[in-house]
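Novice: I'll drop the sequence and a predicted model, then ask my questions.
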Amino acid sequence: QVHLVESGGGLVQTRGSLRLSCAASGTTFERYTLAWFRQAPGKEREFVAAVSRAVGITYYSESVKGRFTISRDNAKNTVLQMNSLKPEDTAVYYCAAREGGNSDKVEHYEYWGQGTQVTVSS
């Protein structure tokens with residue numbers, strides 16, 4: 001049983017920083033791409049960043065490129081460092097995993113965490 005648990009959300013001011021973590025358990029995650037998605041109220045869940053299995057190739061949405069950094073260690077953890085935060089980054093952030101390469105599609109990910117709230121005040 002694959003299990004993902006996010007932590008690190010909270011309230012921050014515009015231009016502040018937050019660090020989200022995702023702890024994974026239940027399988028050998030070296031075969032899995034790990035990603036972050038987010039969902040704001042009234043909007044669809046959207047891709048934020050992903051880091052591939054094995055060599056750790058990263059992939060970002062245009063809206064966060066240059067501000068967010070995703071990393072992983074193959075001991076089943078991924079971190080999303082978020083800098084220069086904006087009010088439009090406010091959302092519930094979800095960790096996700098898929099047994100395949102990088103993807104920005106919600107439907108490609110088999111496993112999801114419960115989410116952590118990030119609120120950026122103006």
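Specialist: In hand now; what should we look at? Since the structure is predicted, the reported quantities are computational estimates derived from the model, not experimental observations.
Novice: does the residue sitting nearest the centre point of the chain count as helix, strand or coil?
Specialist: By CA atoms, centre = their mean, the mean C-alpha position of the chain lies nearest to Trp36, the distance being 2.0 Å. Following DSSP: H, G, I helix; E, B strand; the rest coil, the label given to Trp36 is strand.
Novice: quick one: contacts for Arg45?
Specialist: For Arg45, the contact set (CB atoms under 8 Å, 6 or more residues apart in numbering) comprises 37-39, 94, 106. In this view, the C-beta of every residue, glycine as well, is placed from N, C-alpha and C.
Novice: now do the lowest-mean-pLDDT helix or strand in the chain: which elements does it pack against?
Specialist: Across the helices and strands of the chain, mean pLDDT, DSSP states H and E gives its lowest value to strand 68-73, namely a mean of 92. Judged by 3 or more CB pairs under 8 Å, 6 or more residues apart in numbering; DSSP states H and E, strand 68-73 is in contact with strand 33-39, strand 46-51, strand 58-60, strand 77-82.
Novice: adjacent strands (with direction) for that strand?
Specialist: strand 77-82 (antiparallel) (DSSP bridges).
Novice: just to revisit the earlier point, so the residue nearest to the centre of the chain makes contact with Gln81?
Specialist: No: in this structure, Trp36 is not within contact of Gln81 by CB atoms under 8 Å, at 10.8 Å.
Novice: quick revisit: ok, of the contacts of Arg45, which come out buried?
Specialist: Among the contacts of Arg45, those classed as buried by 16 or more other CB atoms under 10 Å are 37-38, 94, 106.
Novice: relative to Ser21, which of the residues you listed is nearest.
Specialist: Tyr94 (13.0 Å; CB to CB).
Novice: in this structure, which ranges drop under the pLDDT threshold?
Specialist: For the chain, applying pLDDT under 70 flags the ranges 74-75.
Novice: re earlier: got the angle for the least confident helix or strand of the chain vs strand 46-51?
Specialist: 40 degrees (axes from the mean of the first three to the mean of the last three CA atoms, to 10 degrees).
Novice: CA atoms only for strand 68-73, dumped as PDB, please.
Specialist: The C-alpha trace of strand 68-73 is given here as PDB (Å, rounded to 0.1, in the frame of the first residue of the first chain):
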ATOM      1  CA  PHE A  68      10.200  26.900  -6.900                       C
ATOM      2  CA  THR A  69      12.700  24.000  -6.600                       C
ATOM      3  CA  ILE A  70      11.800  20.300  -6.400                       C
ATOM      4  CA  SER A  71      14.300  17.700  -5.100                       C
ATOM      5  CA  ARG A  72      14.200  14.200  -3.900                       C
ATOM      6  CA  ASP A  73      16.300  11.600  -2.200                       C
END
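Novice: fine by me, thanks again.
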